[in-house]
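*Asks:* Below are the sequence and a predicted model; questions follow.
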Protein chains: 2
Amino acid sequence: MAGTKRSSETFVTVDCVVFGLDSDLKVLLIQRGGEPFAHSWALPGGFIHADESIDAAAQRELSEETGLKSVFLEQLYTFGEVDRDPRGRVISVAYFALVKLSDHKVRAATDAADVGWFSVTDLPTLAFDHEQILYAALTRLKGKVTYQPIGFELLPKKFTLSQLQEMYEIILDRSLDKRNFRKKILGMELLEELEEVQQDVAHRAARLYRFDERKYKRLTKGGFVFEI
Amino acid sequence: MAGTKRSSETFVTVDCVVFGLDSDLKVLLIQRGGEPFAHSWALPGGFIHADESIDAAAQRELSEETGLKSVFLEQLYTFGEVDRDPRGRVISVAYFALVKLSDHKVRAATDAADVGWFSVTDLPTLAFDHEQILYAALTRLKGKVTYQPIGFELLPKKFTLSQLQEMYEIILDRSLDKRNFRKKILGMELLEELEEVQQDVAHRAARLYRFDERKYKRLTKGGFVFEI
DNA sequence: CCAAAAGTGTTCACGGTACACCCATGC
DNA sequence: GCATGGGTGTACCGTGAACACTTTTGG
């Protein structure tokens, strides 16, 4: 768009806030190659193609940047301050995504020069208004995990109750009572108890569970409301 | 944009879902003059100007259509299916708004040929994907009134507890217990009890109350969470 | 046998829910 | 005086919160 911009034109991009969970809540950032904001860290994203929906654009960008398909992806908010992009009028539809870090090699991304996972508590300066977008995504995530079972998207398919609890503690930034947490989560009957336990741990191995999407959908129809 | 469209161009509009409360939940619609969808009912909206933010565009459109300023207005969702507009690629940022019907002459709008309030339970066929947008707004409204005190935006500044309760009953589409409702809402200490009662009613006049925005903000800082 | 995390119940306080009658006013 | 909504309190139940010790396993 560099040379061809006409003053009346509006460009629309998607930007993705991709969260992953480690011992920390992490966000995927890329390092920009060209101007503006060359070498700055930014959210992965790009222009929407003429023949794709916004959702499809977000999915495409995400898959191009991370190699991921079919992750949890949800539209967040649309940012459109007049001067948010020095190149001209650019409106950005922001998405937030949750991925299972356990499924991929975090290393590959972390070691690369142009893409990396950053702890949300220790972020670099970001390009454009991406800090604002990230903040909005974080707020949405914190709000949403408490009343929708989306946190599972951050965990491996099979997980222990302690991992599940820790995930909530990290995201909500407060500690939870172990017994109450277990009572509540098991009482919902959303988890399938597997005949399997952790491997290679230097202490008693914990039982593994799996989130049962079908049960959740069935319960939801009956008026059940998930809540942590 | 009729003659000047280039295939690579994207246009961005705002559409507003404006709710008002009568004995019913109402939505403001306009009747389209030109193609496409001439004579169809549609949500008020229009193109974003190059020199205004999206929020400003929504506010401007709303004020142009209804004469209203400084009403409750919040971004809802951005709709961008490739074929949602027969004229080309048009992305729409939808807003939802809450207005006090009591403050204006509903009549003027209702009698006009090109603009009118429709009960959400009895809507005409809408242009574009506006039915989908309206449905999304309704869902958001129903969800949001229960945990944020936005319902007051639909009522006159001074209202009775019965009016307040009725508002929730209409939006949530379920009946509430009068004593429990009063206990709860008064217990929050968000309402200022006025030294004033209803006028011109053929029965005992009810006390009037006013929502105290300041108290709410103060409480919110202390971790208070509004909930119906 | 020691370290580390897994796993497990009970008690108490509070808030949600259910429920029915008298009161004030205008006509 | 009658019709119409305004206004009020109590009892029960279920859920959330606080809280500590024993068990299992690997090293």
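*Replies:* Yes, it's here. Computed from a prediction, not measured in an experiment: that's the story for all the values here.

*Asks:* Looking at A:L164 now. What's its pLDDT?
*Replies:* A:L164 is assigned a pLDDT of 97 by the prediction.

*Asks:* Isn't it up against A:P156?
*Replies:* No. Using Cβ atoms under 8 Å, A:L164 is not in contact with A:P156; the gap is 10.8 Å. In this view, the C-beta of every residue, glycine as well, is placed from N, C-alpha and C.

*Asks:* Poorly predicted segments of chain A, please.
*Replies:* A:1-8, A:104-113 (pLDDT under 70).

*Asks:* close to chain B, is the helix ranked longest in chain A?
*Replies:* Taking DSSP state H as the criterion, chain A has its longest helix at helix A:130-145. No. Contact between helix A:130-145 and chain B is absent, the nearest approach being 9.8 Å (criterion: Cβ under 8 Å from any Cβ of the partner chain).

*Asks:* Pick out whichever of A:L164 and A:P156 has more residues nearby.
*Replies:* Shown here are A:L164 and A:P156; by other Cβ atoms under 10 Å in any protein chain shown, A:L164 has more neighbours (20 against 15).

*Asks:* For A:F37, which non-adjacent residue is closest in space?
*Replies:* Spatially, and ignoring its direct neighbours in sequence, A:F37 is nearest to A:A127 (3.5 Å; Cβ to Cβ, 6 or more residues apart in numbering or on different chains).

*Asks:* Show me the strands in chain A, by range?
*Replies:* All strands of chain A, identified by DSSP state E, fall at A:11-21, A:25-31, A:41-42, A:45-47, A:72-79, A:90-98, A:115-119, A:158-159, A:191-197, A:207-211.

*Asks:* got the contact list for the third one?
*Replies:* Think strand A:41-42. A:L29, A:I30, A:Q31, A:R32, A:F118, A:L123, A:P124, A:T125, A:L126, A:A127, A:F128, A:H130 (Cβ atoms under 8 Å, 6 or more residues apart in numbering or on different chains).

*Asks:* For A:R207, give its distance to DNA strand C.
*Replies:* With the distance defined as Cβ to the nearest atom of the strand, to the nearest Å, A:R207 ends up 3 Å from DNA strand C.

*Asks:* what number of residues lie near that residue?
*Replies:* For A:R207, using other Cβ under 10 Å, the count is 13.

*Asks:* Same check on A:I91?
*Replies:* Based on other Cβ under 10 Å, the number of other residues close to A:I91 is 24.

*Asks:* That one pairs with what?
*Replies:* When assigned by DSSP bridges, A:I91 has beta-bridge partners A:V12.

*Asks:* can you pull the contacts of it?
*Replies:* Contacts for A:I91 (Cβ under 8 Å, 6+ apart) come out as A:T10, A:F11, A:V12, A:T13, A:T78, A:F79, A:G80, B:V12, B:I48, B:I54, B:I91, B:V93.

*Asks:* Close to chain B: what parts of chain A are there?
*Replies:* Within chain A, the residues that sit near chain B (Cβ under 8 Å from any Cβ) are A:7-12, A:48, A:50-55, A:75, A:77-78, A:80-82, A:89, A:91, A:93.

*Asks:* circling back: are any of the contacts of strand A:41-42 buried, and if so which?
*Replies:* A:L29, A:I30, A:Q31, A:R32, A:F118, A:L126, A:A127, A:F128, A:H130 (16 or more other Cβ atoms under 10 Å in any protein chain shown).

*Asks:* dump the residue contacts of the first one.
*Replies:* Residues in contact with A:L29, defined by Cβ under 8 Å, 6+ apart, are A:W41, A:A42, A:L43, A:P44, A:V115, A:G116, A:W117, A:F118, A:L123, A:P124, A:L126.

*Asks:* Closest one to A:F211 out of those, please.
*Replies:* Nearest to A:F211 out of the contacts of A:L29 is A:W117 (Cβ to Cβ; 23.2 Å).

*Asks:* Pairing partners for the closest residue to that closest one other than its chain neighbours in the sheet, please.
*Replies:* Using Cβ to Cβ, 6+ apart and skipping residues adjacent in sequence, the residue nearest A:W117 is A:K26, 4.2 Å away. Counting by DSSP bridges, A:K26 is bridged to A:G20, A:S119.

*Asks:* Neighbours of A:K26, how many?
*Replies:* Neighbours of A:K26 (other Cβ under 10 Å): 23.

*Asks:* quick one: it from A:L101, how far?
*Replies:* 7 Å (Cβ to Cβ, to the nearest Å).

*Asks:* same question, A:E52
*Replies:* From A:E52 across to A:L101, the span is 27 Å (Cβ to Cβ).

*Asks:* got it, and A:A94?
*Replies:* From A:A94 to A:L101 the distance is 21 Å (Cβ to Cβ).

*Asks:* Likewise for A:E227?
*Replies:* Per Cβ to Cβ, A:E227 is found 26 Å from A:L101.

*Asks:* what about these two, which has more around it?
*Replies:* A:L101 (18 against 10).

*Asks:* quick one: contacts for that one?
*Replies:* Counting by Cβ under 8 Å, 6+ apart, the residues that A:L101 touches are A:G20, A:L21, A:D22, A:K26, A:W117, A:L154.

*Asks:* and the fifth one, how far is that from DNA strand D?
*Replies:* In this structure, A:W117 and DNA strand D are separated by 28 Å, where distance is defined by Cβ to the nearest atom of the strand.
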